[in-house]
Structure formats: C-alpha cells, structure tokens
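S.K.: how would this look folded up:
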Amino acid sequence: MEGEPSRRAVIAGAGAAAAVTALGASSALAAGDPGGLAYRSATELVEMLANREMSARELLDAAISRIEALDPKINAVVVRDFERARAAADAADAALAKGERRPLLGLPMTVKEQFNIAGVPTTWGDPKFKGWTPDFDALAVQRLKAAGAVIVGKTNLPIALRDWQSFNEVYGTTNNPWDLSRTPGGSSGGGAAALAAGFVPLELGSDIGGSLRCPAHFCGVYAHKPTLDLVPQRGGGPPQTPPNPVRGDLSVHGPMARSAADLALELGVIAGPDEMMEGIGYKLALPPPRHEKLADYRVLVLDKHPLCPTAASIAAALNGLADRLAKLGCRVVRDSPKLPDLAQTTRVYRELLAAFYSADLSPEIRERVEAAAKALSPDDRSLTASQLRGMTMSHVEWIQKSRIRGGLRARWVALFQDVDVVLCPPMPSPAFPHDHSPQRNRQIDIDGTSISYIDQVAWIAAATLTGLPATAAPIGKTETGLPIGIQIIGGYLQDRTTIAFAGLIEREFGGFTPPPLFA
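M.R.: Next up is the predicted model:
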C-alpha cells in the first residue's frame with residue numbers, strides 16, 4: 001500500500017530507536033528487534049531468506065542497527081566492513097531472486113580479527129601491525145563467502161591470541177554481555193560476545209588453548225574445536241605472513257553459533273582439505289553421528305582434574321546433566337582404565353604449547369626464560385615449570401614429547417571403543433572479572449582457592465594435545481546468573497558425533513538463552 005513503510009525501513013528505524021536507549025529496558029531492546037530476528041538461528045534465517053520472507057539487505061540492516069546501538073557497551077565488532085557487506089547483501093538478494101540456493105546465502109556473520117580479508121586490516125591486536133591490510137582472503141573466509149555469507153566485520157581478540165580475555169592496545173577491551181565487568185573469554189572472545197548479544201548468528205574462530213571453548217562457556221553459546229586439520233588454516237596466520245598451505249600441530253579453526261545445528265551448518269562449509277595441499281588427492285567423508293537418540297550413547301563423565309580445582313557450580317551443572325542423561329537411559333560411567341593420564345596429558349600439552357609460542361620470543365626475553373628454566377628443581381611438576389621447560393626445549397626434546405603424545409592418542413582410540421563421548425568442563429570456573437595485569441602475576445579464585453592463571457589450561461589440554469574434536473555447549477547458570485558450559489570430546493574425526501550429542505541435549509534440556517541485558 002502507498003504510504004506503508006517498507007520492511008527495511010521498519011527494521012532500520014526500530015534499530016535506530018534502540019540506539020537511543022542503548023542498554024535500557026528490555027522492551028526498548030525488543031523494539032529494536034522486530035520479529036525476534038536478533039536471536040533467530042542461522043538455519044532459520046537462511047530458510048527465511050530462501051523463502052523470500054525478508055531480503056538479505058533487510059537482515060543485514062537489522063544486524064548493523066543492533067551493532068551500532070549496542071556494541072559500544074561490549075566492543076565486540078571492532079573492525080566493521082558495512083559498506084562492502086551491503087554490496088554483498090544486495091548481490092545475495094539478486095541471486096536469491098533468481099532461485100539460487102547456497103548454504104549461507106545472504107546470512108550476515110562476523111569472523112575473528114585474526115582471519116585475513118582482502119582490503120580489511122589485520123593486526124592480531126598488536127600495535128606494530130596497525131595499518132597493515134592484506135590483499136587476500138583466508139581460505140575459510142573464501143569458503144564462507146562462496147557459500148553466500150555476508151561478512152559484516154571482524155571481532156576482538158587478545159594480542160597475538162594469547163589470553164583467556166579479549167583486550168589489546170589497538171581495539172580496547174571486550175565485555176561479557178552477561179556481566180560487563182567480566183571477560184567474555186579469549187581468544188575468540190569478541191565472537192562469543194557478538195553471538196550472545198544477538199549481533200550475528202555465526203562466527204568463525206580458532207583454538208589452540210581453549211580459544212573457542214572458553215568464550216563459548218563464558219558467554220553461554222556454542223563452539224566446536226574440530227579434529228586437527230579438518231579445517232585448513234591457509235590465510236589465518238600472523239599478520240604479514242603469506243597465505244601458504246599449512247598443517248596444524250595444536251591449533252584449529254572452527255565455528256561458533258547459538259545452536260548445535262548451526263555449528264554443523266558452518267562446519268560443513270569450512271571443513272575439507274586445502275585444495276592446494278591434501279585436497280589435490282583427498283576428499284572429506286566424515287562418519288555420521290554414532291547414534292540418533294540420547295539413550296543409545298555411552299558417556300564418560302569427568303568432573304575432577306588432578307592438577308586444577310574445579311568450581312562447585314561447574315561440577316554441579318555437569319553432574320546434574322549426567323544424572324538426567326542416566327535417567328533417559330544413557331550408559332553413564334565415571335571412570336575407565338583406558339582413560340589417558342590427565343596429569344601427564346596436561347604437562348605435555350603445556351610444554352608443546354609453550355614451545356610453539358617460544359618461536360616469537362625476543363632475545364632478551366629468551367635469555368630470562370632460559371635462566372629461569374635452568375633454576376627449576378627437577379622435582380617441580382607445576383604447570384608453570386612445564387611452561388618454562390617448553391619454552392626452552394630443544395628439537396630433540398620436542399620430538400620426545402611428541403612421541404609421548406602419540407602414545408596418549410593411542411589410549412584415546414582405545415577409550416572411544418568403549419564410550420561414545422567424554423563430558424568434562426571447558427574451564428575450571430565461570431567468567432571472571434577483567435584483569436589486565438601481567439599474566440605471570442595473575443591468580444584465579446576458585447571457591448576460595450587461589451590458583452595460577454595458567455593452570456586454567458587443565459581441562460583444555462586433552463582434546464587439544466591429541467587433536468580430538470570437542471564441542472562446547474551451554475548447560476546451566478551459576479547462582480549469580482553466569483553461563484556454565486560443557487565440553488563434549490569425541491574420537492578422531494567424530495566431529496558429527498560431538499555436535500549431534502550437543503544438539504540432542506539442547507533439544508532435551510534447552511540451550512542458549514539471551515543475556516537479560518540484551519533479551
């Protein structure tokens with residue numbers, strides 16, 4: 001009808017109205033989200049776009065309006081590419097009008113700042129790279145664009161991706177949408193915050209030290225650490241490095257979302273061998289989920305770690321889920337003689353991770369680290385000692401540790417003959433308050449016990465050291481309302497099993513819920 005505002009005008013205008021009240025009453029925020037678009041799943045939105053219930057440009061304008069209105073309080077989307085996103089959305093609408101269908105056609109999303117996008121700055125949060133702009137897309141970004149995704153911008157991270165918080169001198173600090181005084185996690189913290197705040201339905205992140213699983217746990221969203229090398233890493237390296245094919249050792253790239261189904265959707269787009277490397281001769285054929293019903297799953301539950309305490313709230317949520325699974329008919333066990341030694345796993349992982357990071361040490365820092373490592377007592381088995389030993393190990397020592405890793409992998413293979421998934425915490429505590437002091441001085445409080453900041457790596461180690469898939473999913477909240485997540489570890493290349501299991505517990509017990517400030 002003449003004089004009736006277009007859907008685009010309604011969505012954009014309502015977004016502008018939300019900007020006036022920023023983080024005001026829930027009703028004001030709801031007015032900035034007509035039709036509940038902000039928290040629709042990627043799967044739903046792709047279907048709505050294909051059915052022409054809305055245009056890609058309308059959906060993008062809604063996302064941009066929400067980011068502009070609410071992100072000043074969070075600082076998640078720190079690199080914005082709105083104009084090119086609008087052009088991409090218009091192109092997607094033209095393709096949709098012709099009946100074209102692609103997995104993500106017209107869907108707005110963000111990617112972690114580390115991923116190169118031609119014409120968009122990449123710094124890894126390091127001031128020395130400020131102003132550098134690549135002329136190529138990371139391979140995962142290429143695949144997302146080819147699937148029709150509209151890249152809105154890039155999300156915040158810690159400098160050099162080395163923290164469980166997301167702050168740096170280039171972009172500042174990202175806040176947790178559940179409690180602005182706390183971190184959203186790291187290093188994919190900006191992406192988790194953007195998802196929780198309803199800015200976008202999908203995010204591309206990475207993980208070498210829990211960088212997908214920690215933020216998902218802290219922000220109440222979903223993330224998947226794929227099997228090692230399932231997602232190729234070309235173009236995701238440090239700034240100014242060439243986009244050559246690379247193999248991972250511990251690090252992976254993976255999807256983040258607000259539902260398990262959306263993890264599977266994104267993983268299906270970005271997974272598969274690099275066309276310039278293994279893809280020359282190999283194709284991907286992941287096995288299906290091991291079971292279709294929760295009752296058929298064999299589950300090993302781990303709630304205690306030998307090297308790190310776990311908050312009672314985290315253990316209680318995990319054990320509560322285990323009890324509910326058992327009542328549904330799952331075979332739930334608490335131990336197995338085939339379980340690899342978690343203490344040894346964590347120490348070896350910490351050494352190999354430190355060795356990886358030591359490549360970028362300055363001569364001055366390396367000299368200090370070597371002196372500290374030489375002063376260690378042979379009896380010092382702390383994770384701090386493991387870190388120092390790893391930072392100074394020789395290539396021969398690295399090979400020896402990697403051989404131990406091979407033995408641990410064999411034990412996991414044997415374990416997954418008896419169980420289908422292993423459930424454990426992603427981190428030992430919920431999201432903690434911002435702490436920008438030097439990492440070596442930081443302490444984390446876990447139910448009154450103070451531990452070294454780096455000891456939080458304990459629950460992350462098992463899946464990362466051995467290259468196993470691990471899905472993080474929300475399962476509850478603390479008494480103060482902070483999210484609690486679970487880590488679902490599966491056998492080698494059983495990525496569909498861990499994601500499917502997350503989907504089954506989501507369907508049975510519930511999953512993501514919006515933070516009260518942004519609902």
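S.K.: Val152 in helix, strand or coil?
M.R.: strand (DSSP: H, G, I helix; E, B strand; the rest coil).
S.K.: so what's the most centrally placed residue in the chain scoring on pLDDT?
M.R.: Central residue of the chain (CA atoms, centre = their mean): Leu212, 2.3 Å from the mean position. Predicted confidence (pLDDT) for Leu212: 98.
S.K.: that one against Gly254, yeah?
M.R.: Yes - under the criterion of CB atoms under 8 Å, Leu212 makes contact with Gly254 at 5.4 Å. To be clear about C-beta, it is placed using only N, CA and C from the backbone, and glycine gets the same treatment.
S.K.: in the protein, where is pLDDT below threshold?
M.R.: In the predicted model, the chain carries pLDDT under 70 at residues 1-32, 34-35.
S.K.: just to revisit the earlier point, so what's the residue nearest to the centre of the chain up against?
M.R.: Taking CB atoms under 8 Å, 6 or more residues apart in numbering, we find Leu212 in contact with Ser188, Gly205, Ser206, Ala223, His224, Lys225, Val252, Gly254, Met256, Ala472.
S.K.: likewise for Gly189?
M.R.: Contacts of Gly189 (CB under 8 Å, 6+ apart): Thr155, Asn156, Leu157, Pro158, Gln165, Ser166, Thr174, Thr183, Pro215, Phe218, Cys219.
S.K.: cutoff 10 Å now
M.R.: 76, 112, 155-158, 163-167, 173-176, 183, 205, 211, 214-215, 218-219, 431 (CB atoms under 10 Å, 6 or more residues apart in numbering).
S.K.: same question, Phe115
M.R.: 122, 134, 137-141, 144, 151, 154-155, 204-206, 233, 235-237, 253.
S.K.: which of the helices or strands spans the closest residue to Gly490 other than its chain neighbours?
M.R.: Counting by CB to CB, 6 or more residues apart in numbering, Thr498 is the residue found nearest to Gly490 once chain neighbours are left out, at 4.0 Å. In the assignment (DSSP states H and E), Thr498 maps to helix 495-509.
S.K.: just Ala371 next, same as before
M.R.: Judged by DSSP H and E, Ala371 forms part of helix 363-374.
S.K.: is it true that Ile486 lies in a strand?
M.R.: Yes - per three-state DSSP, Ile486 lies within a strand segment.
S.K.: ok, now which ones touch the nearest residue to it once chain neighbours are set aside?
M.R.: With sequence-adjacent residues excluded and distances taken as CB to CB, 6+ apart, Ile486 is closest to Ile475, at 4.8 Å. When contacts are counted by CB under 10 Å, 6+ apart, Ile475 touches 217, 220, 314, 317-318, 320-321, 324, 423, 483-486, 502, 505-506, 509-511.
S.K.: do that again at 6 Å, thanks
M.R.: Ala317, Leu321, Ile484, Ile486 (CB atoms under 6 Å, 6 or more residues apart in numbering).
S.K.: how much space between Ser166 and Pro340?
M.R.: Ser166 sits at a distance of 31 Å from Pro340 (criterion: CB to CB, to the nearest Å).
S.K.: of those two, give the one with the bigger neighbour count.
M.R.: More crowded of Ser166 and Pro340, by other CB atoms under 10 Å: Ser166, with 37 against 19.
S.K.: next one: phi and psi at the residue lying closest to the more buried one once chain neighbours are set aside?
M.R.: Residue nearest to Ser166 in three dimensions, not counting chain neighbours: Gly189, with 3.1 Å by CB to CB, 6+ apart. Backbone geometry at Gly189, expressed as degrees, to the nearest 10, gives phi -70, psi -40.
S.K.: how about the helices in the stretch 101-250 of the chain?
M.R.: 139-146, 189-196, 213-219 (DSSP state H, counting those that start in this stretch).
S.K.: contacting residues around the last one?
M.R.: Contacts of helix 213-219 with the rest of the structure, by CB under 6 Å, 6+ apart, involve 164, 184-185, 188-189, 192-193, 196, 222-223, 426-427, 431, 472, 485, 487.
S.K.: out of the helices of the stretch 101-250 of the chain, flag the one nearest Pro288.
M.R.: Pro288 lies closest to helix 139-146 among the helices of the stretch 101-250 of the chain, at 21.9 Å (CB to CB).
S.K.: what sits up against that closest one?
M.R.: Contacts of helix 139-146 (CB under 6 Å, 6+ apart): Phe115, Ile117, Leu204, Pro232, Arg234, Gly235, His253, Val269, Ile270.
S.K.: what do you get for stretch 414-425?
M.R.: 290, 297-302, 310, 314, 336, 338, 459, 486-491, 501.
S.K.: hmm, back to that, and of the contacts of helix 213-219, the nearest to Pro72?
M.R.: Ala193 (12.7 Å).
S.K.: is it true that the closest one touches Pro184?
M.R.: Yes - assessed by CB atoms under 6 Å, Ala193 is found in contact with Pro184 at 4.1 Å.
S.K.: now for the residue nearest to Gly490: which residues touch it?
M.R.: Pro469, Thr471, Ile488, Gly490.
S.K.: among the residues you listed, name the ones in strands.
M.R.: Thr471, Ile488 (DSSP state E).
S.K.: can you pick the most crowded of the contacts of Thr498?
M.R.: Going by other CB under 10 Å, Thr471 tops those with 35 neighbours.
S.K.: before we move on, the earlier item: so for the very next helix or strand once past the helix holding Ala371, what gets flagged as buried?
M.R.: As assigned by DSSP H and E, the chain's next helix or strand after helix 363-374 is helix 383-391. Residues of helix 383-391 classed as buried: Leu383, Thr384, Ala385, Ser386, Gln387, Leu388, Arg389, Gly390, Met391 (neighbour count, 16 or more other CB atoms under 10 Å).
S.K.: following the chain onward from helix 383-391, which element is next?
M.R.: helix 395-415.
S.K.: would you indicate which residues of the helix or strand just after that next one are buried?
M.R.: Next helix or strand after helix 395-415 toward the C-terminus (DSSP H and E): strand 421-424. Neighbour counts over strand 421-424 (16+ other CB under 10 Å) mark Val421, Val422, Leu423, Cys424 as buried.
S.K.: how about CSV for those residues, with distance to Arg368 added?
M.R.: Shown next, in CSV, are these (distance: CB to CB, whole Å):
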residue, distance to Arg368
Val421, 43
Val422, 38
Leu423, 40
Cys424, 35
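S.K.: what's the most distant pair in those?
M.R.: Val421 and Cys424 (10.1 Å).
S.K.: one step back: let's verify the residue nearest to Ile486: helix, strand, or coil?
M.R.: strand.
S.K.: check the gap between it and Asp341 for me.
M.R.: 27 Å.
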